[in-house]
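> okay, here's the prediction I keep looking at, along with the sequence it came from:
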Amino acid sequence: MSDVSILRADVERVLADFQDPETGRGIWKLEQVRDLAVGGGRIALTLALTTHAAPLWNETRAELVERLQREFPAADVQVKLATHERPPERLGEIGLAAKSVVAVGSGKGGVGKSTIAASLAYGLRRAGCKVGLMDADVYGPSVPHLIGVNRRPEIVNQKIQPIVVDEVKVMSMGFLVPPGEAVVWRGPMLHGAITQFLRDTDWGELDYLFIDLPPGTGDIALTLSQLLPLTGAVVVCTPQDVALIDAVKAIAMFRKVNIPVLGMVENMSYFVCPNCDKRYDIFGSGGAKRQAAELDVPFLGEVPINIAMRVNGDEGRVGASFDDPTCAPFLEGLCYRLVKEISTRHKQAPPSVPLPIL
Ligand SMILES: Nc1ncnc2c1ncn2[C@@H]1O[C@H](COP(=O)(O)OP(=O)(O)OP(=O)(O)O)[C@@H](O)[C@H]1O
Ligand SMILES: [Mg+2]
């Protein structure tokens, strides 16, 4: 048959062109192709991908199969998946070992930033990524409430041990300050607290660190941008005009401190009555999507007002919303589109520095 026409060198050329979804670099050079066997009308290989790209594994495999099949129509193509270990580079002077650092902010308070930040963290952990969640809202930390934990972190070897809940590593000022007690921060102290959270917490190696920002001011975004290169920010807003105006300001603020805006989320988009299935656009609908298009910012999706999400948040089980079919698909959609956006950016501008290969 057409056996002889498949040359290993031709297969390797196709593989060299195929981009790793984490780094945007060629999978061949990065040694992410294993057990390549070409012969007998068959192309078989194992594609090794990192956990950073976990939500994209299946589609990446399908894309590779399709690419090989297009180049070698007669071949029987078999691609297996395996995990590729690649440690993160250390970021900034503080040396944080995270591949992507994503701040979640908004212009307005109470739009669901903390809920969305925690959901992104839990969703990506469930997908197989290594995730941390840092509550940078030192004035009104709500992450401890959302995850239902409030105990003091231990110090081991002068490092603060994050609280680990469902395999997500969490750090919050709420763990250090008794609930209900007010903390008064001056600018330099705020800077110091954020620096300490990033530098002195034993985060280990992370694929993603999500940072839940307090509402409004750019202080913390500015501090963060000075400490390490952020992958970008996610801006959460609700559909009514007042929230959108503030979201536009938040986007301008991130741009000013050189934090790329990875996308906008429209939270509390609409409400579907559980009794009659009728949809109510309580705050209007679709405004964030239009605004995102106008500002040339990706739209990561909408999340309706959902009773289960509110209850789970209040009962300290924010991650449980992924088990509820009335809200899970929306949250999974956000996680997927965020990872896809980061991957697309890396594919468009792969890092030029050599990456460590294990
Ligand atoms: N899609 C949703 N459906 C129902 N309730 C929601 C939704 N998103 C958030 N909530 C609820 O809205 C309230 C505010 O959410 P959250 O604390 O996440 O907002 P925030 O923007 O972080 O607020 P702050 O500005 O105070 O930090 C919480 O009670 C949360 O459970
Ligand atoms: Mg909050």
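Nice, I can see it. Numbers count the residues shown, from 1 in each chain. Ligands and ions are numbered 1, 2, ... in the order given.
> quick check: the gap between the residue of the chain found nearest ligand 2 and residue 306.
Nearest residue of the chain to ligand 2: residue 114, at 3.3 Å (Cβ to the ion). Quick note: C-beta positions are derived from backbone N, CA and C, even for glycine. Distance, residue 114 to residue 306, by Cβ to Cβ, to the nearest Å: 15 Å.
> ok so, going back, which secondary structure element contains the residue of the chain closest to ligand 2?
helix 113-127 (DSSP states H and E).
> that helix: what's the following helix or strand?
For helix 113-127, the succeeding helix or strand toward the C-terminus, using DSSP H and E, is strand 131-135.
> what packs against that next one?
Judged by 3 or more Cβ pairs under 8 Å, 6 or more residues apart in numbering; DSSP states H and E, strand 131-135 is in contact with helix 113-127, helix 143-147, strand 168-172, strand 206-212.
> at 10 Å what do you get?
Strand 131-135 sits against strand 96-105, helix 113-127, helix 143-147, strand 163-165, strand 168-172, helix 187-199, strand 206-212, with contacts defined as 3 or more Cβ pairs under 10 Å, 6 or more residues apart in numbering; DSSP states H and E.
> got TSV for the ones you listed, with distance to ligand 1 and mean pLDDT too?
Formatted as TSV, the helices and strands packed on strand 131-135 follow (distance: least, Cβ to the nearest ligand atom, whole Å; pLDDT from 0 to 100):
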stretch	distance to ligand 1	mean pLDDT
strand 96-105	8	97
helix 113-127	3	98
helix 143-147	7	95
strand 163-165	17	97
strand 168-172	12	97
helix 187-199	15	87
strand 206-212	7	98
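> quick one: average pLDDT of the biggest helix by length in the chain?
Determined from DSSP state H, the single longest helix within the chain is helix 328-348. If you average the pLDDT over helix 328-348, you get 97.
> any part of that helix near ligand 1?
No - if you take Cβ under 6 Å from any ligand atom as the test, helix 328-348 misses ligand 1, and the best it gets is 8.0 Å.
> spell out which residues of the stretch 151-300 of the chain are next to ligand 1.
For the stretch 151-300 of the chain, the residues in contact with ligand 1 (Cβ under 6 Å from any ligand atom) are 215, 267, 268.
> ok, which stretches of the stretch 201-350 of the chain are strands?
Remark: strands assigned in the stretch 201-350 of the chain by DSSP state E, counting those that start in this stretch are 206-212, 232-237, 261-272, 279-280, 299-305.
> tally of neighbours for residue 74?
Neighbour count for residue 74, taken as other Cβ atoms under 10 Å: 11.
> could you pull up phi and psi at it?
phi -90, psi -10 (degrees, to the nearest 10).
> quick revisit: how far does the longest helix of the chain sit from its chain's centre?
How far helix 328-348 lies from its chain's middle: 7 Å, per Cα atoms, centre = their mean, to the nearest Å.
> do the same with stretch 71-86
26 Å.
> now do the end-to-end distance for it.
For stretch 71-86, the separation between the terminal residues is 29 Å (Cα to Cα, to the nearest Å).
> same question for it, mean pLDDT?
Averaged across stretch 71-86, pLDDT comes to 96.
> what comes up buried for it?
Within stretch 71-86, the residues scored as buried using 16 or more other Cβ atoms under 10 Å are 72, 75, 77, 79, 84, 86.
> hmm, residue 51 and residue 86 touching each other?
Yes - Residue 86 lies in contact with residue 51 (Cβ atoms under 10 Å); the separation is 9.4 Å.
> who touches both of these two?
Here residue 86 and residue 51 have 22, 99 as joint contacts, going by Cβ atoms under 10 Å, 6 or more residues apart in numbering.
> how many neighbouring residues does the residue nearest to residue 169 when sequence neighbours are not counted have?
Leaving aside its sequence neighbours, residue 169 sits nearest to residue 162 (Cβ to Cβ, 6 or more residues apart in numbering; 3.9 Å). As a burial measure, residue 162 scores 22 neighbours (other Cβ under 10 Å).
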